[in-house]
Each structure stands twice: as structure tokens, then as C-alpha cells.
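**Q** attaching a predicted model along with its sequence, questions to come.
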Amino acid sequence: MITKRLEMIFVNAAGRNTTIAVVDPRDGLTPAEVQAAMQAILDSNVFESTGGDLTAIVGARIVTRQVDDLLVA
């Protein structure tokens, strides 16, 4: 089984990285679309991390994971 997730990485008020993940992002996302979504998250200030508010965009990535079951009980 192959799974995908979009990881959006921000820095918080404490200076630490915080990741917001979206499972099964649509195919064909562009960097501009992701950056616009991340900027909207910052502008709306709806998420808070243990280190405080999100303050800046660090980056984003699509993580793909493949799991092959060898033995299922």
C-alpha cells in the first residue's frame, strides 16, 4: 500500500519547527498553491503549537510511503 502526505513546515514563536500534515493531497499540487495555502494559515493564525503561534514558512514536501505486507495473521 502506498500513502502520501503533504507536510507543511513552519517555525513557531519559540524558534522551533512545527509540521502540519495533510493526508492524501491531490495530485498535481504546485509550489505556488502550497505556498498560498501556507500563507493563508499564517495570516489566519488558527493554529498554535506548543512553542506558540506559527510565525514563518520553512518549507513543504510530499512524503510517499510504501508498505509491503509479508505476513498477515
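**A** Cool, got the structure. Numbering: from 1, shown residues only.

**Q** let me see the contact set for the closest residue to residue 1 other than its chain neighbours.
**A** Nearest residue to residue 1 in three dimensions, chain neighbours excluded: residue 67, at 5.3 Å (Cβ to Cβ, 6 or more residues apart in numbering). For the C-beta atoms, the positions are set from N, CA and C on the backbone; glycine is no exception. Contacts here follow Cβ atoms under 8 Å, 6 or more residues apart in numbering; on that basis residue 67 touches 1-3.

**Q** top of those residues by number of neighbours, please.
**A** residue 3 (11 neighbours; other Cβ atoms under 10 Å).

**Q** isn't there a strand covering that one?
**A** Yes: if the criterion is DSSP: H, G, I helix; E, B strand; the rest coil, then residue 3 is within a strand.

**Q** and it, how far from residue 67?
**A** 8 Å (Cβ to Cβ, to the nearest Å).

**Q** try residue 39
**A** Residue 39 is 33 Å from residue 67, by Cβ to Cβ.

**Q** for this structure, where's the lowest mean pLDDT among helices and strands?
**A** strand 48-49 (a mean of 88; mean pLDDT, DSSP states H and E).
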